[in-house]
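Peer 1: Any chance you can model this:
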Amino acid sequence: MLPVALLLGSSLIASVLIFRNWRRGVYGLLLYLPVGGLLTNMLYPAPPVLLLLKDFIFVIPTYVAFGVWITKHRGLHRSPGLIAAVAPMALLATIVVAQAFNPGVKSIWVTFIGLKVWLFYWPFYFVGREFFGTSADVQRFSRAIVVSSLLPAVFGIVQLLVYYQSGPEAAYRLYAGAAPAATQGFFATDLGSGVPLARMPGSFAFVTQQVSYILSVLPLAYLVWRQSARAVWRGIGLIAMLALLAAAFGSGVRAAFVVVPGLLLIAVILEGRGKFVLPALSAICAVAVFVVVTLLDTSFADLQRTVSELASDYVVRVQLDEFRSAMDLTTLGLGTGLSTGPARYAEIVGGRAVSLLGFENFYGKAWAELGAGGFVATVLVFATTIMSGLRQHGRIRDPLVRSFSAAIVAFLVVEVLFFWKGAFIDYDPVNVMFWFYAGVVASTSRIETRDASTTATIIPTGVSNYSSGRFAGSTRITGRY
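Peer 2: Below is the predicted model of the structure:
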């Protein structure tokens, strides 16, 4: 009863604060995500209600407050691409709900968890569309999240150092009984020389969540580093990037050596300033890799060989075979939740064993649960999301907003490709960040328009020789902030 009472009390307090400004719920949630997993591990075996902590304290109050705000403002901001973006989501949602009645799913709790995992965080798409009003909002948000990301990044680096200096027992001490699950059974990759590359979950419940979080925050660190006018913020952005990269490369997730540089490369290409930024980014990544290679007492050649072999294995053989298995298993779909990882908790709340398929490949999972139609609808949702972001990005001329848009679109592209490896969108923080960022990139060009209109109307009273964008009281922010 105590966990339930604490949950209800925290939800009540958070609701009062969030109802006054729904954006507080988003900030609170994004600040909680990198520490929530550590809390779950420390309290292992945690009561099931703790797994819903963020939903009751942040997500549901944000939805309610946002709904009230939308009602007062007479609906979402209309844009030519709104219907085109929402239509595939509506189609996919219809298939997900229809498959909830598939007789192949024997447990109602598996179905319920499957519905929640598929659909519960989709409203963040609409939250993201309305979250940013001007470049000042981008500034505040980016700086707040980047500063807060230093804690989990440093935690991951310290854990890495402790592991190789004092051993796994000292490094995983905070996890207690959750250590085997958090580290994938204390898995470590033999690099051929030096010491093995071990799993470092950091402040998260599972090691891949650490890398997923870094992928979601790295675009913002890139923005702060690239577009801050003040040297102190450029320095903070650079430090955050180095810390996040070191934590990612040292996490033990071998795919990080591919997807993290890939995200930065795509961001630079979209920004259109590759010849100026790419050398610096390459140097930053090289420094982070050098730190990890030195700590592991291995070589760049051995690390590159191991990562290349595994990348080829997953792309060409393992995940492709798994997707083919899903296609051979069904055409019409077996039911919502039947291959959803978090559905394993149905055994706890339902009190009886459940049988799940366990496809790691997200697209294989989509095919197995929803059939060929659901798979096509899933791909269509991702494709329209990225295309919408690219169309908005092409309209942007302001350097600040363009860098922001490039970084966020890069995150979405990398995640959609990374889903071939695993269903990361089923777990924190991708389940929130993907849909939030999808909504953001659908409205980035409107930020630039609002800046221009705001500048045109705000002229300080009694000030002569006013210069647009230069007066301290002006809300316009162009280029660097």
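Peer 1: Could you look up the SS state of Phe359?
Peer 2: Classification of Phe359 into helix, strand or coil gives coil, according to DSSP: H, G, I helix; E, B strand; the rest coil.
Peer 1: and it, how far is that from Trp118?
Peer 2: In this view, Phe359 and Trp118 are 14 Å apart by Cβ to Cβ, to the nearest Å. Where C-beta positions appear, they are placed from N, C-alpha and C, glycine not excepted.
Peer 1: neighbouring contacts of stretch 133-153?
Peer 2: Residues outside stretch 133-153 that contact it (Cβ atoms under 8 Å, 6 or more residues apart in numbering): 27, 30-31, 34-35, 131-132, 202-204, 210, 213-214, 217, 220-221, 223-224, 233, 236-237, 239-240, 243-244, 246-247, 398, 400-401, 404, 447, 450-451, 454, 475-478, 481.
Peer 1: Let's see which of these end up in helices.
Peer 2: Taking DSSP state H, the ones among the contacts of stretch 133-153 that sit in helices are 27, 30-31, 34-35, 131, 210, 213-214, 217, 220-221, 223-224, 233, 236-237, 239-240, 243-244, 246-247, 400-401, 404, 447, 450-451, 454.
Peer 1: For PyMOL, what selects the buried ones among these?
Peer 2: The command below creates a PyMOL selection of those among these that count as buried (16 or more other Cβ atoms under 10 Å):
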select buried, resi 27+30+31+34+131+210+213+214+217+220+221+223+224+233+236+237+240+243+244+246+247+400+401+404+447+450+451+454
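Peer 1: hey, where'd the strands end up in the stretch 51-200 of the chain?
Peer 2: Taking DSSP state E, counting those that start in this stretch, the strands of the stretch 51-200 of the chain run over residues 188-189, 197-198.
Peer 1: Tabulate the ones you listed in CSV, adding columns for mean pLDDT.
Peer 2: CSV is the format used below for the strands of the stretch 51-200 of the chain (pLDDT from 0 to 100):
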stretch, mean pLDDT
strand 188-189, 86
strand 197-198, 89
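Peer 1: Mean neighbour count, those strands: which tops it?
Peer 2: With neighbours taken as mean count of other Cβ atoms under 10 Å, the strands of the stretch 51-200 of the chain reach their highest mean count in strand 197-198, at a mean of 24.
Peer 1: Check which helices and strands that strand sits against.
Peer 2: Contacts defined by 3 or more Cβ pairs under 8 Å, 6 or more residues apart in numbering; DSSP states H and E place strand 197-198 against strand 188-189.
Peer 1: partners of the strand it packs on in the sheet?
Peer 2: Strand 188-189 pairs in its sheet with strand 197-198 (antiparallel), by DSSP bridges.
Peer 1: how far is the strand it pairs with from where the chain is centred?
Peer 2: Strand 197-198 sits 23 Å away from the centroid of its parent chain (Cα atoms, centre = their mean, to the nearest Å).
Peer 1: from now on call the first residue 26
Peer 2: Will do, 26 is the new start, and the previous item becomes strand 222-223.
Peer 1: Let me see the residues that make contact with it.
Peer 2: Outside of strand 222-223, the residues that reach it under the criterion Cβ under 8 Å, 6+ apart are 188, 193, 208, 211-214, 216, 277, 279, 321.
Peer 1: Could you measure from the most centrally placed residue in the chain over to Ser364?
Peer 2: When the chain is reduced to its mean C-alpha position, the nearest residue by Cα atoms, centre = their mean turns out to be Val455, at 3.4 Å. According to Cβ to Cβ, Val455 and Ser364 sit 17 Å apart.
Peer 1: How about Gly383?
Peer 2: In this view, Gly383 and Ser364 are 6 Å apart by Cβ to Cβ.
Peer 1: Which one's more surrounded, those two?
Peer 2: Each of Gly383 and Ser364 had its neighbours counted (other Cβ atoms under 10 Å), and the higher figure belongs to Ser364 (28 against 14).
Peer 1: number of nearby residues for the closest residue in space to that one that isn't next to it in sequence?
Peer 2: Using Cβ to Cβ, 6 or more residues apart in numbering and skipping residues adjacent in sequence, the residue nearest Ser364 is Leu382, 4.0 Å away. As a burial measure, Leu382 scores 18 neighbours (other Cβ under 10 Å).
Peer 1: so the residue lying closest to Val404 once chain neighbours are set aside, which of the three states?
Peer 2: Of all residues not flanking Val404 in the chain, Tyr388 sits nearest, at 7.6 Å (Cβ to Cβ, 6+ apart). For Tyr388, the reduced secondary structure class is helix; criterion used: three-state DSSP.
Peer 1: can I assume Tyr388 is in contact with Phe443?
Peer 2: No. With contact defined as Cβ atoms under 8 Å, Tyr388 does not count as touching Phe443 (11.3 Å).
Peer 1: give me every residue that touches the spatially closest residue to Asp453 that is not a sequence neighbour.
Peer 2: Leaving aside its chain neighbours, Asp453 sits nearest to Leu58 (5.5 Å; criterion: Cβ to Cβ, 6+ apart). When contacts are counted by Cβ under 8 Å, 6+ apart, Leu58 is found next to 79, 238, 453-454, 457.
Peer 1: which residue ranges form the helices in the stretch 376-506 of the chain?
Peer 2: Taking DSSP state H, counting those that start in this stretch to define them, one finds helices in the stretch 376-506 of the chain at 387-419, 424-443, 455-466, 469-482.
Peer 1: And the third one, what does it pack against?
Peer 2: It refers to helix 455-466. Using 3+ Cβ pairs under 8 Å, 6+ apart as the contact criterion, the neighbours of helix 455-466 among helices and strands are helix 48-67, helix 149-156, helix 232-252, helix 387-419, helix 424-443.
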